[in-house]
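A.B. asks: Structure of the sequence below:
(chains A and B)
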Amino acid sequence: MNGIHDMGGMHGFGPVEPEADEPLFHAPWESRVLAMTLAMAGWGRWNIDASRFARESAPPELYLRSTYYERWLEGLCKLMVERGLLTEEELAKGHPAPGTEKATPPVAAERVPAILRSGGPTERSLEAQPRYRIGEQVRTRNIHPEGHTRLPRYARGKTGEIAMLHGGHVFPDSNAHFAGEAPQPLYSVSFDAKELWGPEAAFDGAVHIDLWESYLEPA
Amino acid sequence: MTADSEKQERADHESGHDHGHQHVPSDTALRVKALESLLVEKGLVDPAALDAFIDYYEHEVGPRNGAKVVARAWTDPEFRAWLMKDATAAVASLGYMGRQGEHLVAVENTPQTHNLVVCTLCSCYPWSVLGLPPVWYKSDAYRAKAVIDPRGTLRDFGLELGPEVEIKVWDSTAEIRYLVIPERPAGSEGLSEEALADLVSRDAMIGTAKAALGGDAAS
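C.D. replies: Predicted coordinates:
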């Protein structure tokens, strides 16, 4: 989607402001939001791409005024309701609907380190050979899907060079909408700064972007 | 004040975290507390598991992991070659693996090339080697600016690169996580691997700082 989350190249946010001796969390609730998000993933009702889509489809004005963990909180509530783990009414009232049988949490404390240490690899074997080779010129498609995509706006319709092949990976545009993992070859594509930002580009160099094969066409 | 810092300040203020004498919980803090009670009451999460998730990110992972990887690469040419070829396996051999580090690529700074990592679409970051990302990495300003004006972005961190240095920006649009291997500082010959790890800050492994003798190292 052409969402507010797609920020590469936008102006107006001012300088980056690193914080000295930054704490891991700025308030205890931030750590609870992180933990609830990770724990609720244990229900297997959504995947990381659906999580990202839930966050980025917040209304733009809400997204902009929210901090990182506020965005996570909104996304988590949206997913829990959409995927049938909570109702809007339960969220509003703060209690389970009358007569609800208490569930058993899928993630017990002692399993947490093992879950985090195994993570969620997205590499998959592919039936077909990758279409492009390292060094080959490609052009990104000029597409504007309303659903989830990982092809940033600033890199659409641009010519670049295949720099790496990362193997086959789950395709977020499909997986975010529960339409299957549909793995595709994933490439690191190198774009010259002038190709992305024009002859007046602010730097000499390149931006490397990880792009799935169906985002690309031969240049 | 920029939009990002204003947002964080509001969140901190509402959490009673800025002036020390303001301890009224924010709307967000209350909302998060209510949500956690609801999830526990419904049996959707185990509160001990939530604590375990937080404990893991407070104690098990952090930039010290990445600093050890860099120090090993500086002192062991065979490890360095392995890291550049298959960072996931090389880093796993030191015991660092898992969530948001399932597929790693190491990129090396040289006198001619400087690498900088960003995620313009959300906040992808190599948690397994660097821990949770700092606020600035997740800020709208960094996500917007790093790809269009990396030199200006580095100046926000007080880092000025010579005009001869080519910049490579890595936009983490997929599940590949990038770890910058900074240049080993001159004058560090003869230091032990452990002392070398002390020279490697979190920011040096994102690309917004250099490793330096007496630098602000990862802890």
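A.B. asks: going forward, measure contacts between C-alpha atoms and count neighbours the same way
C.D. replies: Will do.
A.B. asks: What's the local residue count around residue 57?
C.D. replies: I went with chain A, as the question did not name one. Here the count is done by other Cα atoms under 10 Å in any protein chain shown, and A:Ser57 has 18 residues near it.
A.B. asks: wrong one, chain B
C.D. replies: Neighbour count of B:Tyr57, defined by other Cα under 10 Å: 20.
A.B. asks: what do you get for B:Glu189?
C.D. replies: With other Cα under 10 Å as criterion, B:Glu189 counts 10.
A.B. asks: And it, how close does it get to B:Leu196?
C.D. replies: Distance from B:Glu189 to B:Leu196, counting by Cα to Cα, to the nearest Å: 9 Å.
A.B. asks: can you check B:Gly95 too?
C.D. replies: Taking Cα to Cα as the measure, B:Gly95 falls 19 Å from B:Leu196.
A.B. asks: more neighbours, those two?
C.D. replies: B:Leu196 (25 against 13).
A.B. asks: what about the more buried one, which helix or strand?
C.D. replies: For B:Leu196, the enclosing helix or strand under DSSP states H and E is helix B:193-197.
A.B. asks: What is that helix packed up against?
C.D. replies: Using 3 or more Cα pairs under 8 Å, 6 or more residues apart in numbering or on different chains; DSSP states H and E, the elements in contact with helix B:193-197 are helix B:63-75.
A.B. asks: Run through chain B and note the low-pLDDT ranges.
C.D. replies: B:1, B:11-24, B:215-219 (pLDDT under 70).
A.B. asks: after the lengthiest helix in chain B comes which helix or strand?
C.D. replies: Counting residues, the longest helix in chain B under DSSP state H turns out to be helix B:27-41. Remark: after helix B:27-41, the chain's next helix or strand is helix B:47-55, criterion DSSP H and E.
A.B. asks: burial measure for the closest residue in space to A:Arg131 that isn't next to it in sequence, as a count.
C.D. replies: Among residues not flanking A:Arg131 along the chain, A:Glu213 sits closest, at 7.6 Å (Cα to Cα, 6 or more residues apart in numbering or on different chains). Counted with other Cα under 10 Å, the neighbours of A:Glu213 add up to 19.
A.B. asks: List the contacts of the longest helix of chain B.
C.D. replies: With Cα atoms under 8 Å, 6 or more residues apart in numbering or on different chains as the test, helix B:27-41 has contacts from A:29, A:32-33, A:36, A:70, A:73, A:90-91, A:94-96, A:102, B:14-15, B:45-47.
A.B. asks: Filter the residues you listed down to the buried ones.
C.D. replies: For those, a burial check counting by 16 or more other Cα atoms under 10 Å in any protein chain shown picks out A:29, A:32-33, A:36, A:70, A:73, A:90-91, A:94-96, B:14-15, B:45-47.
A.B. asks: What is the nearest of those to B:Pro150?
C.D. replies: Nearest to B:Pro150 among the buried ones among the contacts of helix B:27-41 is A:Glu70, at 27.4 Å by Cα to Cα.
A.B. asks: Phi and psi next, for the closest one.
C.D. replies: Note on A:Glu70: its backbone torsions stand at phi -70, psi -40 [degrees, to the nearest 10].
A.B. asks: Now do the contacts for it.
C.D. replies: For A:Glu70, the contacting residues are B:Thr28, by Cα under 8 Å, 6+ apart.
A.B. asks: Just the element for the residue nearest the centre of chain A, please.
C.D. replies: Nearest to the centroid of the C-alpha atoms of chain A, with distances taken as Cα atoms, centre = their mean, sits A:Arg52, at 4.1 Å. A:Arg52 belongs to helix A:48-56 when assigned by DSSP H and E.
A.B. asks: quick revisit: distance of the residue nearest to the centre of chain A from B:Tyr96?
C.D. replies: Taking Cα to Cα, one finds A:Arg52 at 25 Å from B:Tyr96.
A.B. asks: ok, which stretches of the chain are helices?
C.D. replies: Assuming you mean chain A. With DSSP H as the criterion, chain A has helices spanning A:28-40, A:48-56, A:60-65, A:68-82, A:88-93, A:112-118, A:172-175, A:193-197.
A.B. asks: wrong one, chain B
C.D. replies: Ranges of helices within chain B are B:3-14, B:27-41, B:47-55, B:63-75, B:77-85, B:87-92, B:127-130, B:135-138, B:140-145, B:150-156, B:193-197, B:202-206, based on DSSP H.
A.B. asks: and A:Asp192, which of these is closest to it?
C.D. replies: helix B:150-156 (13.2 Å).
A.B. asks: give the contact list for the closest residue to A:Met36 other than its chain neighbours.
C.D. replies: What sits nearest to A:Met36 in space, not counting adjacent residues and going by Cα to Cα, 6+ apart, is B:Leu50, at 6.4 Å. Taking Cα under 8 Å, 6+ apart as the contact definition, B:Leu50 lies against A:Arg32, A:Ala35, A:Met36, A:Ala39, A:Ala109.
A.B. asks: who touches the longest strand seen in chain A?
C.D. replies: Longest strand in chain A, counting residues (DSSP state E): strand A:159-169. Residues from elsewhere that reach strand A:159-169 (Cα under 8 Å, 6+ apart): A:122-126, A:132-140, A:183-192, A:195, A:219.
A.B. asks: Let me know how buried residue 177 is, in neighbour terms.
C.D. replies: Picking chain A for this. Applying other Cα under 10 Å, we find 16 residues neighbouring A:His177.
A.B. asks: wrong chain, I was asking about chain B
C.D. replies: 27.
A.B. asks: Same check on B:Ser201?
C.D. replies: By the criterion of other Cα under 10 Å, B:Ser201 has 26 neighbours.
A.B. asks: The one 4 residues further on too?
C.D. replies: Each residue near B:Met205 was counted by other Cα under 10 Å, and the total is 31.
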